[in-house]
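Peer 1: Predicted model and sequence follow; I will ask about them next.
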Amino acid sequence: MKKITQVISKMINYYSGDPKRVGHFMKVYSFAKTIGEAEQLDEKTQEILEIAAATHDIGIKVSEHKYNSSAGKHQEHEGPALAEKMLVELDVERSIIDRVMFLIAHHHTYEDVSGIDYRILIEADFLVNAYEDNLSKDAIKKAKDIIFRTETGTKFLNDIFSLDE
């Protein structure tokens, strides 16, 4: 069984009884996988991206319990250790775990984006959040200038939200 299949299975179990959270990370995973493939990432970067996309919000449960909030800063703080524990149990390579932990710790931070995996993760997460949070077209256009850099992610944003009209 591929590692990503094991990670997704663990995450579905982790969010047992919370279909909204499962749906969210599966949508982010799907966009991230597709953008990464279209942008022709190397195999290891693609694996890192997919694992990070599946686990990016792993800190929400603890954040809601500990801080009564799912704010991004809490997710970024609480998520990496939870992901590390899960990925170690799944025998994921240490260098992949370290990068995934970094991506989780920064997935709501849009400054100093370092690496195509980081860029694609925040683009994929925004594509899903824009729809789920019912953002206005103006808010989406502003975010486009701040967040989107990949050709594929930008095209998806333009197409999904009809920004070129």
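Peer 2: Cool, got the structure.
Peer 1: Tell me the buried residues in the helix or strand hosting Gly36?
Peer 2: According to DSSP states H and E, Gly36 maps onto helix 19-38. Applying a neighbour-count criterion of 16 or more other C-beta atoms under 10 Å, one finds 21-22, 24-29, 31-33, 35-36 buried in helix 19-38. All C-beta atoms are positioned from the backbone trio N, CA, C, and that covers glycine.
Peer 1: Next, give phi and psi for His56.
Peer 2: Torsion angles at His56 (phi, psi; degrees, to the nearest 10) stand at phi -60, psi -30.
Peer 1: okay, which residue is most central for this protein?
Peer 2: Nearest to the mean C-alpha position of the chain, by C-alpha atoms, centre = their mean, lies Ala53 at 3.5 Å.
Peer 1: pLDDT score for Asp164?
Peer 2: Each residue has a pLDDT score; the one for Asp164 is 77.
Peer 1: Just list what the helix or strand of the chain with the lowest mean pLDDT packs against, helices and strands only.
Peer 2: Least confident element among the helices and strands of the chain, by mean pLDDT, DSSP states H and E: helix 60-67 (a mean of 86). Counting contacts by 3 or more C-beta pairs under 8 Å, 6 or more residues apart in numbering; DSSP states H and E, helix 60-67 is packed against helix 72-89.
Peer 1: coming back round to it: settle this for me: the residue nearest to the centre of the chain is touching Lys27, isn't it.
Peer 2: No: between Ala53 and Lys27 there is no contact, the gap being 9.4 Å when judged by C-beta atoms under 8 Å.
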